[in-house]
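# Predicted structure and sequence below. I'll ask about it afterward.
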Amino acid sequence: MTTIMTPVESLLADLVAIPSMNPMGRGRTGKEYTEQAIADYVVGYLKRHFVDAELQEHLPGRPNVLATISAGAPDTVLLEAHLDTVHADGMIIEPFKPDVRDGKLFGRGSCDTKGSMAAFLQAAVESVKSPKQLRHNILLLFVSDEEYKFAGAQFAARRGIRADFGIAGEPTQLKIVRAHKGVTRWKIATRGVAAHSAYPERGKNAIYSMSKVIGRLEEYAAKLYAADPHPVLGSPSLSVGVVEGGQAVNVVPDRCWIEIDRRTLPNETTESVLTPVKSLLDGLNDWEMKEPHLSVGGMEVAANAPIVRSLARSIKDVCGDVVVEGAQYATDAGIYNAVGIPTVVFGPGDIAQAHTESEYLELHQLSQAVDIIRRFLTT
Ligand SMILES: [Zn+2]
């Protein structure tokens, strides 16, 4: 049976068919582990619809795509989504041969977050056909490296983007996420002196030193968790996720390190996260704290902000009701909020489908997302 696809469905199928997996710092190479091909496709797609777009490359093969649609409107909306996906190891469907079954499109990235990309692109190019109806200028931004270090969004923010408010596309099931946590990750190392394990008194055990560090962190994590919760996001958290140390059982270990994952509330900064941990470890010896290798802020947009109210109106028109909520995961929206662009998270698909072995997007939500964004842009 041949399925006749709508324009946004075939656009999504095209996007899914172009691998854009994030190498995630694991040394993977090859065309399918960059965002170059999908960025080129998006530029070509926009060109066919008379929209000029440019590539901004922050690393070889890792560009962002940027396009402005000016309508002489008083304000500008940022429509943003990420170009990259997680890898396709262990998938039980064809990751890059989009398959439509039971009203769903299956493939890597269909839900996270090429569905949002397709909806934003389709709604934008439709609105270009009748620019007089546009109530906002549009800044389209598609970024690389969201799944690993948020480097594309950070690069775009550093280069300077101008918008009055924004929507970052992620699978929210067409709900508005107006607040989410941030994340900071870093390592702490302890140093000791190696010796034969038959003479432990001649050495200094880095694992014993680390156990004291971990003990204090565990107490601190419990305190953090018990503090007054944020009304939407609950408590911040801290978790020691990795520990590594020692070379052999007959050697007193001279080195040990841990990796910490700290989920932050919107008002917390990298510094306000690290300072209390440093003073917590005061009095312990031979530890060293590394600079964070990842730090993305949380965000909160006021419930009555213009972006929340007008997006909610469009969702209500299309879906009948609207949900505004908070989320635990971090997104690019934290970066745009930090540079003064109130940005909410919104898109088709369910986060429960993201990164899974048989990822799919419900096509009904995709067409509703196009309707919602079109209404948002024109009414
Ligand atoms: Zn995503």
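Cool, got the structure. Quick caveat: nothing in here was measured; it's all calculated off a predicted structure.
# Show the low-confidence segments of the stretch 101-250 of the chain, by residue range.
Judged by pLDDT under 70, the stretch 101-250 of the chain has no weakly predicted residues.
# so where do the helices sit in it?
Ranges of helices in the stretch 101-250 of the chain, per DSSP state H, counting those that start in this stretch, are 115-128, 151-159, 206-226.
# out of the ones you listed, nearest to the ion?
Among those, helix 115-128 comes nearest to the ion, with 8.2 Å by C-beta to the ion. Every residue, glycine included, has its C-beta placed from N, CA and C.
# Report all helices and strands that the closest one contacts.
In terms of contacts (3 or more C-beta pairs under 8 Å, 6 or more residues apart in numbering; DSSP states H and E), helix 115-128 is packed against helix 7-17, helix 36-48, strand 63-69, strand 76-82, strand 137-143, helix 363-378.
# Show me which positions of the last one end up buried.
It stands for helix 363-378. Judged by neighbour count (16 or more other C-beta atoms under 10 Å), helix 363-378 contains these buried residues: 363, 365-378.
# what's the answer for stretch 85-97, then?
Buried residues in stretch 85-97, counted by 16+ other C-beta under 10 Å: 85-88, 91, 93, 95-96.
# could you dump those residues to a markdown table with distance to the ion?
Output for those, formatted as a markdown table (distance: C-beta to the ion, whole Å):
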| residue | distance to the ion |
| --- | --- |
| 85 | 8 |
| 86 | 9 |
| 87 | 14 |
| 88 | 15 |
| 91 | 17 |
| 93 | 19 |
| 95 | 16 |
| 96 | 17 |
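# still on that earlier bit, show me which of the buried residues of helix 363-378 neighbour the ion.
Among the buried residues of helix 363-378, proximity to the ion is found for none (C-beta under 5 Å from the ion).
# Hmm, which of the residues you listed is lowest in pLDDT?
Minimum pLDDT for those is recorded at residue 378 (92).
# from memory it sits against residue 132, does it?
No: Residue 378 lies out of contact with residue 132 (C-beta atoms under 8 Å); the separation is 9.6 Å.
# Look up how far residue 347 lies from the spatially closest residue to residue 117 that is not a sequence neighbour.
Residue nearest to residue 117 in three dimensions, not counting chain neighbours: residue 81, with 4.3 Å by C-beta to C-beta, 6 or more residues apart in numbering. According to C-beta to C-beta, to the nearest Å, residue 81 stands 7 Å off from residue 347.
# The two: which has the busier surroundings?
Neighbour count, other C-beta atoms under 10 Å: between residue 81 and residue 347, residue 347 has more, with 31 against 26.
# quick one: buried residues of stretch 63-77?
Neighbour counts over stretch 63-77 (16+ other C-beta under 10 Å) mark 63-69, 71, 73, 76-77 as buried.
# and of these, the nearest to residue 207?
Residue 207 has its nearest neighbour among those in residue 64, at 43.3 Å by C-beta to C-beta.
# for that closest one, what are its contacts?
Counting by C-beta atoms under 8 Å, 6 or more residues apart in numbering, residue 64 touches 39, 55-58, 83, 141-144, 152, 155-156.
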